[in-house]
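Novice: What follows is a predicted structure for the sequence shown.
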Amino acid sequence: MKRQQITDFELFDIVTCGDEEEKQLLLEEEIELQGWVRTNRDNGSIGFIEFNDGTYFKNVQLVYTVDTKNHDVISAFKTGSAVKIQGKVVLTPENKQPFEIRVEDAELLGDVFEDYPLQKKRHSFEFLREIAHLRPRTNTFMAVFRVRSVLSFAIHEFFQSRGFIYVHTPEITTNDGEGAGQVFDVTTHTSKDPFEFYGRPVNLTVTGQLHVEPFALTFRDVYTFGPVFRAEHSNTVRHASEFWMVEPEIAFADLSDNMDIIRDCIKFCIEYVEEACPAEMEFFNNMIDKTLLERLHHVVNSDFKRMTYTEAIEILQKAVKDGHKFENNDIFWGMDLQSEHERYITEVVVNGPVFLIDYPKEIKAFYMRENDDGKTVAACDLLVPQVGELVGGSQREERYEKLKAKMDSLGITESLDWYLDTRRYGGCKHSGFGIGFDRLLMYITGMQNIRDVQPFPRTSNNIKY
């Protein structure tokens, strides 16, 4: 009988979603699987292997007996071993898993040394960060990195389906975008002279925004999606020195248009991941955050309210007056809100996602459009429950003289003269925003530390790989 090579995903798909003819053909054929042993327990007369080939989150159960060919070899398979299995599919509708594989023969493809660190027990996330090259083999991180892949595709699907052009912006640049000075300088390995290679100091990019804006003035709707770097000594669960940013730019769009696209993008991404990764999302809801799916559904079904920064300050001041205790109770107009203040607004006041708009110009970036009041800029931050800020955006300052005056005051006009050209030569009203991809992934999975959603996290004072 012909042996069919098949994957875990194909097995689950045929058994749970296939028609009767497909199921019958599957039951009649001998199949071949290649993958890894998750666990192996031999009870003497019968043995069970939890098997996974990486194509589906849930394991396949393999069953063998003392009469199975190569029984002694199979019963000795260690956790983590790479194996090839031949067997027959048997339907088990009365069990938790709808089928199992009765093993007829097996071959060890790759053995495991005795010091293999992943055994059948719960490992802490802290321990697993020390073996980042092995942690994808655990349930949590297999789920995390599959969702990371799917969410990446969802980002592209959202913008591509709406006619956006994907722009690859440079990783090496001469500016720091936000003007904060938290950059990594780039030099050659032979010299620390910042002028040696490029003839001027350069650094790793902190944002692709400035480079993607000119493309919006040709293609109208564009986005960049790639790694950025911040030299911040912030040892928190939300900061890393290398992370990915999604940065769209939309011509002829004002702040309201911008917020509409942010809302639609976030809703689309949540729904896309839930549909594409139901087993992983069920796992996160059961094992990581039991309120996760309820919280995400609430966001998808919400209106995304809008509130000015000034209104938020007044609400927070009243909360303090009424006895609410923040870690920072000194609330004043012009301050940069902390996560606890943002979460109070979104969780207690709004009970859902909310855009804060019209921030004081002194605490926002130079490129944001100044409002008519002369005190605020057309900026927005999307706040969501349990996280606070998830997305930041603004309408850009399209007026040449106003933008130049801001840049002059910061002393960056000479280094960004090309950026001013976008206002001098056919400039127009335009807006954009930035989504920290890793933080969005944290939000969708319920993971609490940015180090646990990045394959090989880079944080200050800690790099191994």
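Specialist: Ah, there it is.
Novice: Helices of the chain, start to end?
Specialist: Using DSSP state H, the helices assigned to the chain run over residues 8-17, 20-28, 71-75, 125-129, 139-160, 209-219, 255-276, 278-287, 292-300, 309-321, 339-343, 400-410, 417-424, 437-445.
Novice: The fifth one: which residues count as buried?
Specialist: The reference is to helix 139-160. 139-148, 150-151, 154-155, 158-159 (16 or more other Cβ atoms under 10 Å). C-beta here means a position set from N, CA and C on the backbone, and glycine is covered the same way.
Novice: Could you do the first one as well?
Specialist: Residues of helix 8-17 classed as buried by neighbour count (16+ other Cβ under 10 Å): 8, 10-12, 14-15.
Novice: Going by distance to residue 65, which of the buried residues of helix 139-160 wins?
Specialist: residue 139 (27.6 Å; Cβ to Cβ).
Novice: mind checking how far the closest one is from residue 128?
Specialist: Distance, residue 139 to residue 128, using Cβ to Cβ, to the nearest Å: 11 Å.
Novice: Over to residue 408?
Specialist: In terms of Cβ to Cβ, residue 408 sits 50 Å off from residue 128.
Novice: Between those two, tell me which one has more neighbours.
Specialist: residue 128 (20 against 11; other Cβ atoms under 10 Å).
Novice: Going by residue numbers, what spans are strands in the stretch 351-465 of the chain?
Specialist: 354-360, 376-384, 388-395, 430-436 (DSSP state E, counting those that start in this stretch).
Novice: quick one, which of those strands is nearest to residue 218?
Specialist: Residue 218 sits nearest to strand 430-436 of all the strands of the stretch 351-465 of the chain, at 11.7 Å, using Cβ to Cβ.
Novice: who touches the closest one?
Specialist: For strand 430-436, the external contacting residues (Cβ atoms under 8 Å, 6 or more residues apart in numbering) are 155, 207, 209, 212-213, 216-217, 243-255, 257-258, 261-262, 265, 380, 390-396, 398.
Novice: of the residues you listed, buried ones?
Specialist: 155, 207, 209, 212-213, 216-217, 243-251, 253, 255, 258, 261-262, 265, 380, 390-396, 398.
Novice: Give me the spatial nearest neighbour of residue 338, chain neighbours excluded.
Specialist: Closest residue to residue 338 apart from its sequence neighbours, by Cβ to Cβ, 6 or more residues apart in numbering: residue 328 at 5.7 Å.
Novice: show me what contacts the one you found?
Specialist: Residue 328 sits in contact with 338, 340-341, where contact means Cβ under 8 Å, 6+ apart.
Novice: how close does it get to residue 64?
Specialist: Taken as Cβ to Cβ, the span from residue 328 to residue 64 is 61 Å.
Novice: one step back: pLDDT value on the residue nearest to residue 338, please?
Specialist: Confidence at residue 328, expressed as pLDDT, is 92.
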